[in-house]
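A.B. asks: Sharing a model prediction with you, sequence too.
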2 protein chains.
Amino acid sequence: MEYAKSPRNTVKRIPKRGFYDQETVFSILDDGFLCHLGFVIGDQPYVIPTSYGRMGTRLYVHGASTSRMLLATAEGIPVCLTVTHLDALVLARSAFHHSMNYRSAVIFGVARLVDDETEKMEALYCISEHILKGRWDEVRGPNTIEMKATSVLRIDIEEASAKIRTGPPGDDAEDYQLPVWAGILPLKKGYDPAIPDPRLEEGIEKSPSISA
Amino acid sequence: MEYAKSPRNTVKRIPKRGFYDQETVFSILDDGFLCHLGFVIGDQPYVIPTSYGRMGTRLYVHGASTSRMLLATAEGIPVCLTVTHLDALVLARSAFHHSMNYRSAVIFGVARLVDDETEKMEALYCISEHILKGRWDEVRGPNTIEMKATSVLRIDIEEASAKIRTGPPGDDAEDYQLPVWAGILPLKKGYDPAIPDPRLEEGIEKSPSISA
């Protein structure tokens, strides 16, 4: 499936880096769990970092019932949810051709508060699985008070696009002879070893979700 | 210096994680180079990943002269620039108390196109130094055509706040006896070894900015 190109989602700067197929967009969403969610109150844009989960063509974000973001969006307001994976610095022979290798997905839709308790629980499970697969089933699940303190927003994806850069620098032809080191500097990915809670009781081993 | 608390920048969810002093905000800005810039066209929010630099109380972002973001903001429009460093997953004994350790800075201001050529060059230098200190002086500087193809926006910081979480999970008292591994899972930081451009000529050593 391809998202139709509109004035809203069309990649204008370096169009060859733009992708509109659902598979590419979903692969970028599924490779992360931190998004930056944009919304508007009055004329003022807000951009808030938050975790998310994807279930089919829906995205879910959660937060405390008191948070500004969720209060603002409870009635259904337009949002832009952006996920960016920075893969490498691209070091060219000229300042101008310096760049980054990245994969970003920009999602447009309307965010609405989830009222249904079953959907809300499924959404929280989905967000948790996005962050650390298998963890949900290893821990104490949410009780009634905790569920009340948590709000969940659903965003049905209306339009989306991805932007991707990969590969070595692209220098001007005459710059390749400059005596300047060029290449890429990849960013480290993944996790360092887990650090136990100082209050962890002795003899409790790391659960499978963490070891994986 | 402290930023005054307003409805716009006050951290409402878990207020104890909110910081309003310039030193904390600047330290978060200076520890990164990728931001998510939010702006509004019509009623529609847009959130675009881009690099930035800080010079005193000003932030600079750049892009091609044709990009949507820069065209929209040339006349001076309100923006929200957010920088997030994700430090660790916080794995609690209950689903509800799962969290992340992070440092985020949310900046409010008006973005304006930089017309002055000297300021524009200084801004590009500033952004470059933010990403990889020392690199600018090792490579070919921008020529007239490249400067024309590049636009720079200046954002004077009007209001800002930071939000920080550190430390181990905070579980409910009765959950500490659960046989569940708890602790933090730190995200890797820094760079993997540099990968040379396939077209790099033999005998060119890595420059000091990269080795550092």
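C.D. replies: Received it, and whenever you're ready, just let me know what you need. Numbers count the residues shown, from 1 in each chain, chains lettered A, B, ... in the order given.
A.B. asks: in chain A, which helix or strand is least confident?
C.D. replies: helix A:68-73 (a mean of 64; mean pLDDT, DSSP states H and E).
A.B. asks: How about residue A:31, nearest residue that isn't a chain neighbour?
C.D. replies: Spatial nearest neighbour of residue A:31, chain neighbours left out: residue A:85 (6.1 Å); criterion: CB to CB, 6 or more residues apart in numbering or on different chains. From N, CA and C alone the C-beta is placed, and that goes for glycine too.
A.B. asks: got it, and residue A:57?
C.D. replies: residue A:157 is the one closest to residue A:57 (CB to CB, 6+ apart), at 5.1 Å.
A.B. asks: quick one: strands adjacent to the one helix or strand that neighbour maps to?
C.D. replies: Per DSSP states H and E, residue A:157 falls inside strand A:150-165. Take DSSP bridges as the rule and strand A:150-165 pairs in its sheet with strand A:18-19 (antiparallel), strand A:58-64 (antiparallel), strand A:99-113 (antiparallel).
A.B. asks: In TSV: these, plus mean pLDDT.
C.D. replies: Formatted as TSV, the strands paired with strand A:150-165 follow (pLDDT from 0 to 100):
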stretch	mean pLDDT
strand A:18-19	90
strand A:58-64	88
strand A:99-113	95
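A.B. asks: Would you convert these into a markdown table that also reports mean neighbour count and distance to residue B:198?
C.D. replies: Output for these, formatted as a markdown table (neighbours: other CB atoms under 10 Å in any protein chain shown; distance: least, CB to CB, whole Å):
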| stretch | mean neighbour count | distance to residue B:198 |
| --- | --- | --- |
| strand A:18-19 | 19 | 24 |
| strand A:58-64 | 21 | 38 |
| strand A:99-113 | 21 | 15 |
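A.B. asks: May I have the residues that are in contact with residue A:37?
C.D. replies: Neighbouring residues of residue A:37 by CB atoms under 8 Å, 6 or more residues apart in numbering or on different chains: A:47-50, A:52, A:61, A:69, A:79-82, A:111, B:47.
A.B. asks: how about 6 Å then?
C.D. replies: Taking CB atoms under 6 Å, 6 or more residues apart in numbering or on different chains, we find residue A:37 in contact with A:48, A:50, A:79, A:81.
A.B. asks: helix or strand for it, which one?
C.D. replies: Per DSSP H and E: strand A:34-41 holds residue A:37.
A.B. asks: mind listing what that strand pairs with, with the direction of each?
C.D. replies: Sheet pairing for strand A:34-41, assigned by DSSP bridges, gives strand A:44-55 (antiparallel), strand A:77-91 (antiparallel).
A.B. asks: can you list those strands in a markdown table and add mean neighbour count?
C.D. replies: Shown next, in a markdown table, are the strands paired with strand A:34-41 (neighbours: other CB atoms under 10 Å in any protein chain shown):
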| stretch | mean neighbour count |
| --- | --- |
| strand A:44-55 | 22 |
| strand A:77-91 | 22 |
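A.B. asks: Dump those strands into CSV; add mean pLDDT as well.
C.D. replies: Listed next are those as CSV, based on pLDDT from 0 to 100:
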stretch, mean pLDDT
strand A:44-55, 95
strand A:77-91, 96
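A.B. asks: Mind putting the ones you listed into a markdown table with distance to residue B:100?
C.D. replies: Below are the strands paired with strand A:34-41 laid out as a markdown table (distance: least, CB to CB, whole Å):
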| stretch | distance to residue B:100 |
| --- | --- |
| strand A:44-55 | 7 |
| strand A:77-91 | 15 |
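A.B. asks: between these, which gets nearest to residue A:136?
C.D. replies: The closest of the strands paired with strand A:34-41 to residue A:136 is strand A:44-55. By CB to CB, the value is 11.0 Å.
A.B. asks: what's the distance between the residue lying farthest from the centre of chain A and chain B?
C.D. replies: Residue farthest from the centre of chain A, counting by CA atoms, centre = their mean, is residue A:177 at 39.5 Å. The gap separating residue A:177 from chain B is 7 Å, by CB to the nearest CB, to the nearest Å.
A.B. asks: do the same with residue A:57
C.D. replies: 19 Å.
A.B. asks: Check residue A:165 too.
C.D. replies: Using CB to the nearest CB, one obtains 11 Å as the distance from residue A:165 to chain B.
A.B. asks: What is the neighbour count of that residue?
C.D. replies: 17 (other CB atoms under 10 Å in any protein chain shown).
A.B. asks: For it, list the residues it contacts.
C.D. replies: Counting by CB under 6 Å, 6+ apart, residue A:165 makes contact with A:17, A:101-102.
A.B. asks: can we see that at 10 Å?
C.D. replies: By CB atoms under 10 Å, 6 or more residues apart in numbering or on different chains, the contact set of residue A:165 is A:14, A:16-17, A:87-88, A:90, A:99-104.
A.B. asks: between those residues, which is nearest chain B?
C.D. replies: residue A:104 (5.3 Å; CB to the nearest CB).
A.B. asks: hang on, isn't the closest one packed against residue B:49?
C.D. replies: Yes. Applying CB atoms under 10 Å, one finds residue A:104 in contact with residue B:49, separated by 5.3 Å.
A.B. asks: ok, back up a step: want to throw the strands paired with strand A:150-165 into a markdown table with distance to residue A:8?
C.D. replies: Formatted as a markdown table, these follow (distance: least, CB to CB, whole Å):
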| stretch | distance to residue A:8 |
| --- | --- |
| strand A:18-19 | 13 |
| strand A:58-64 | 17 |
| strand A:99-113 | 6 |
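A.B. asks: looking at these, which is closest to residue B:116?
C.D. replies: Closest approach to residue B:116 among the strands paired with strand A:150-165 (CB to CB): strand A:99-113, 25.2 Å.
A.B. asks: Just the CA trace of the closest one, in PDB.
C.D. replies: The C-alpha trace of strand A:99-113 is given here as PDB (Å, rounded to 0.1, in the frame of the first residue of the first chain):
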ATOM      1  CA  SER A  99      25.000  15.000   6.000                       C
ATOM      2  CA  MET A 100      23.500  12.300   8.200                       C
ATOM      3  CA  ASN A 101      22.300   8.800   7.400                       C
ATOM      4  CA  TYR A 102      18.900   8.500   9.000                       C
ATOM      5  CA  ARG A 103      15.500   6.900   8.600                       C
ATOM      6  CA  SER A 104      12.500   9.100   9.600                       C
ATOM      7  CA  ALA A 105       8.800   8.600   9.400                       C
ATOM      8  CA  VAL A 106       6.300  11.500   9.600                       C
ATOM      9  CA  ILE A 107       2.700  10.500  10.400                       C
ATOM     10  CA  PHE A 108      -0.300  12.800  10.100                       C
ATOM     11  CA  GLY A 109      -3.600  12.000  11.800                       C
ATOM     12  CA  VAL A 110      -6.100  12.900  14.400                       C
ATOM     13  CA  ALA A 111      -5.400  11.900  18.000                       C
ATOM     14  CA  ARG A 112      -8.400  10.800  20.100                       C
ATOM     15  CA  LEU A 113      -8.800   9.700  23.700                       C
END
